[in-house]
Each structure stands twice: as structure tokens, then as C-alpha cells.
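1. Build me a structure from this.
(chains A, B, C and D)
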Number of protein chains: 2
Amino acid sequence: MRADAKKNYDHLLSIAQKALLEQGADVSMRDIARQADVGVGTLYRHFPTREALLDALLRSSFDDLAGKANELNGAAETDKALLVWLEEVIAFTHAHRGILEPMMSAIEDPASALHESCVRLKTAGASLLRRAQADGTARPDLDGAELFDLIAALAWLREQPAHAQRAARLFNVVAGAVLKAP
Amino acid sequence: MRADAKKNYDHLLSIAQKALLEQGADVSMRDIARQADVGVGTLYRHFPTREALLDALLRSSFDDLAGKANELNGAAETDKALLVWLEEVIAFTHAHRGILEPMMSAIEDPASALHESCVRLKTAGASLLRRAQADGTARPDLDGAELFDLIAALAWLREQPAHAQRAARLFNVVAGAVLKAP
DNA sequence: ACCTGAACACCGTTCAAGT
DNA sequence: ACCTGAACACCGTTCAAGT
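-> Predicted structure coming up:
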């Protein structure tokens, strides 16, 4: 990549990051280009789809969350480890409004630029779930894809402006269904 | 209402109904007017907001669902009654893609044209929940608003194209958290 | 190589002008 | 009263023309 292109790429990314946090994942592409003082074509050249842009923005965070899962795989209380991780994921998506819809599409569409990142997240959660299941602290009849969907549903609830507060309580209700009663 | 206006109103409604089923709740308003062979202004005159149009389209169905809840309030098995009703609601929203997002906004916004209809639905569910709680078949620490949110989250899951199948199983998982174990 | 921005095909919504 | 559709301010996306 040429130096000037690299500069545009990085600048675009930092502007898009801010836009994602402030305006949500459905910010207009035009707006991002405008805020970055760059032609729309430049934005599309670097990120041919919105998913490609989201992937660039989220990949490292998703990797961090997967890393966190790895750490938690060493924890003694397998149920608590799963719980902590789930809360962390939901807190992250909560800070990035509008991210769930594209994630849900991407996880089932290998052609999506966001697919790999989402799979990484799902896999990380699945490993924590498996360990809890082996330990007998989580119900055994659940797989990684289902866990992903449950997280997504709760995260979506939390994304709804006036429902976020209730979503916290409902997280516990649903968590109670995933983990065996104490 | 003048006769010609009434005719436009009815025609618009029947076209919008078809559009809602075939293209989802986020059909373009322009498209509806176009399909109805009517100027956009006519559509907006009869339905000043998308919520107003959705309300006109859904009100009677929501009333039916509320009526169904009333019938089920006479059922012997209070837990099964709640379950059956929940499935019915989710099946309905599943047939009307894209309806959940506006419903979630409307239920918390008294100014929305869709508010009343949503409240009716919430109230109907709450009555079934209360009866099951009084009967000891549903967990007592849950209110109507929380039940509404749980339904919404499951219905949203079912709205996601590739996740609908899993949503059916996850309905049972979550239902198991709401109802007391058998 | 890379950037620009006009161009195309769409939106939601309003409101002057018509009947 | 009611209807029409041009008008305005937006989109996403592409691609010829420029550097």
C-alpha cells in the first residue's frame, strides 16, 4: 500500500470508529467519507462493503474477547467463567449500537467480510460452554450456535433504547436457564 | 370521510397488507403508494407516519391475540395456556418480518401511533402470566413488561433469516426459565 | 496506484397547485 | 375535501476522469 493510501486508510478507520460509537453501525457511508474529508470512492476503495468496514473496526476487539475466553478457560468456577464472558460480550455490543443485525447475518454467511470475526467469537463462547458442560455446571443440550443466538437476543434487547435496563435482569433469567441451578 | 377517500384508504390498506407480508415492515412508503396507484401524498394523508400505517394493519390481529389470551385464561393448565399463547404471538410476528423493531419502540413511547396496540398485547400476556404465577406454574419474579421483552427477543431471533430454526428450540429453553420445571 | 465527485437509482416527507 | 407529484434533502454504490 502506498504511503498516501495507508494514511487515508488509517484516518478513515479512526473516523469510522468514532462514528460507530457515536452514531451506531448504520451510520451513512457518505457521512463517514465526509467526516474524514475524503471522496466516497476512497472509502469504498478501502472498504468495499459495510461489512468489510465493520470487520476492520471490530476484528481486534473480537480477538480480545476471544483471548479473554481463553484466559477464563483456566478459571476454577466454570459457570462463573461463562457468565463473566457473556456479560463482557454483551457490554461490548451495547457500546456499539446496531452491530447485532450485521453480526447475525455474517455468522450464517461465509461470504460476508464479517464472517470470520463472528465465528471466532462463537468458537470462543463454545469452548467456555463445553467446559462448563463437562463440569456439569451448564445444561448439556446446548451448542455454540445456540449460545451465540441467545447472547445475540439478549444483546439486541439491550440495544433497544428504553429496554436496556430490563435486559440486565432478563440476562439473569436466561442465564439461569443455561447454567444449572446452584 | 368522503366516498372516494374511503375507497383510497381501503385500497391502500389492502396493498400495504400484501406489501407487509411480502416485503416486510420496512417496505418503502413510496413503493406502497406506487403499488396502490396513488400519489405519495395520499398515503401520507391517510397514514401520517409508518407507525400509523402499521397500527392500522396490525390492530385487529393484535386484538385477536388479546382475545385468544382471554379464552386461554379459562384453561385448566395455566402454564400450557401461557406457552400456547406465546407461540401464537411469535408465529404472528414471524409472518410479519420487521415488525419487532417498531413494536419495541412503540411500547415505550406513548406518542407512537402503534403504542396502544402494543400495550394491549402486553396486557394480554401479563394476565396469562399472573394466572400462571398465582397457580404456581410460572416463576413469580417476572412482570408483564419483562415477559413482553422476552417474547420480543425470541421473536427477533426468529426474524433472522438463517436463525429461525434454532429459535424454535431456544424458545423452549427460555420458556423453561419462565415456567417452573414440571 | 490512488483519489475525486458527478451520476444513477433510490429513499422519506412536505406542500403548492390542482379537482 | 381530497389528490397529485414536483421538490428538497438525503441515501448506497459505481466509474470516468483526473493526479
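
2. Sticking with the residue of chain A found nearest DNA strand C, tell me its helix or strand.
-> Residue of chain A nearest DNA strand C, by CB to the nearest atom of the strand: A:G41 (2.0 Å). Yep, even glycine has a C-beta here, placed from its N, CA and C like the rest. Assigned by DSSP states H and E, A:G41 belongs to helix A:40-46.

3. Just the C-alpha atoms of that helix, please, in CSV.
-> Once non-C-alpha atoms are left out, helix A:40-46 reads as follows in CSV (Å, rounded to 0.1, in the frame of the first residue of the first chain):
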residue,chain,number,x,y,z
VAL,A,40,-16.8,8.5,-1.2
GLY,A,41,-14.9,6.5,-3.7
THR,A,42,-11.9,6.4,-1.4
LEU,A,43,-14.0,4.9,1.4
TYR,A,44,-15.3,2.2,-1.0
ARG,A,45,-11.9,1.5,-2.4
HIS,A,46,-10.6,0.6,1.1
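
4. and it, what other elements does it pack with?
-> helix A:3-23, helix A:29-35 (3 or more CB pairs under 8 Å, 6 or more residues apart in numbering or on different chains; DSSP states H and E).

5. CA atoms of the shortest one as PDB?
-> Going back to what we said before, that points to helix A:29-35. What follows is helix A:29-35 as a C-alpha-only set of coordinates in PDB (Å, rounded to 0.1, in the frame of the first residue of the first chain):
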ATOM      1  CA  MET A  29     -21.200   5.700   4.400                       C
ATOM      2  CA  ARG A  30     -21.300   9.100   2.900                       C
ATOM      3  CA  ASP A  31     -21.100  10.700   6.300                       C
ATOM      4  CA  ILE A  32     -18.000   8.800   7.200                       C
ATOM      5  CA  ALA A  33     -16.300   9.800   4.000                       C
ATOM      6  CA  ARG A  34     -17.500  13.400   4.600                       C
ATOM      7  CA  GLN A  35     -16.200  13.400   8.200                       C
END
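
6. what about it and DNA strand D, any contact?
-> Yes: residues of helix A:29-35 are located near DNA strand D by CB under 7 Å from any atom of the strand, namely A:29-31.

7. Pull out the buried positions in that helix.
-> Neighbour counts over helix A:29-35 (16 or more other CB atoms under 10 Å in any protein chain shown) mark A:29, A:32-33 as buried.

8. Out of those, flag the one nearest to DNA strand D.
-> A:M29 (3.8 Å).

9. which one is the closest one nearest to, not counting chain neighbours?
-> Leaving out its chain neighbours, the residue that sits closest to A:M29 by CB to CB, 6 or more residues apart in numbering or on different chains is A:L43, at 6.1 Å.

10. quick one: contacts for that neighbour?
-> With contacts defined as CB atoms under 8 Å, 6 or more residues apart in numbering or on different chains, the neighbours of A:L43 are A:12, A:29, A:32-33, A:36, A:53.

11. which of those lies closest to B:K18?
-> Ranked by distance to B:K18 (CB to CB), the contacts of A:L43 are led by A:M29 at 31.8 Å.

12. so where's chain A shaky on pLDDT?
-> Scanning chain A for pLDDT under 70 picks out the ranges A:181-182.

13. rewinding a little: same list (the contacts of A:L43) but as TSV, adding distance to B:F62.
-> As requested, those are exported to TSV (distance: CB to CB, whole Å):
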residue	distance to B:F62
A:L12	45
A:M29	37
A:I32	39
A:A33	42
A:A36	45
A:L53	39
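
14. among those residues, which are in reach of DNA strand C?
-> Counting by CB under 7 Å from any atom of the strand, no member of these is near DNA strand C.

15. Quick check: residues of chain A near chain B?
-> A:104-105, A:108-109, A:139, A:142, A:145-146, A:149-150, A:152-154, A:156-157, A:160-163, A:166-167, A:169-170, A:173-174, A:176-178 (CB under 8 Å from any CB of the partner chain).

16. doesn't A:R166 make contact with A:R158?
-> No: the criterion here is CB atoms under 8 Å, and A:R158 misses it with A:R166 at 9.0 Å.

17. Brilliant, that's me finished.
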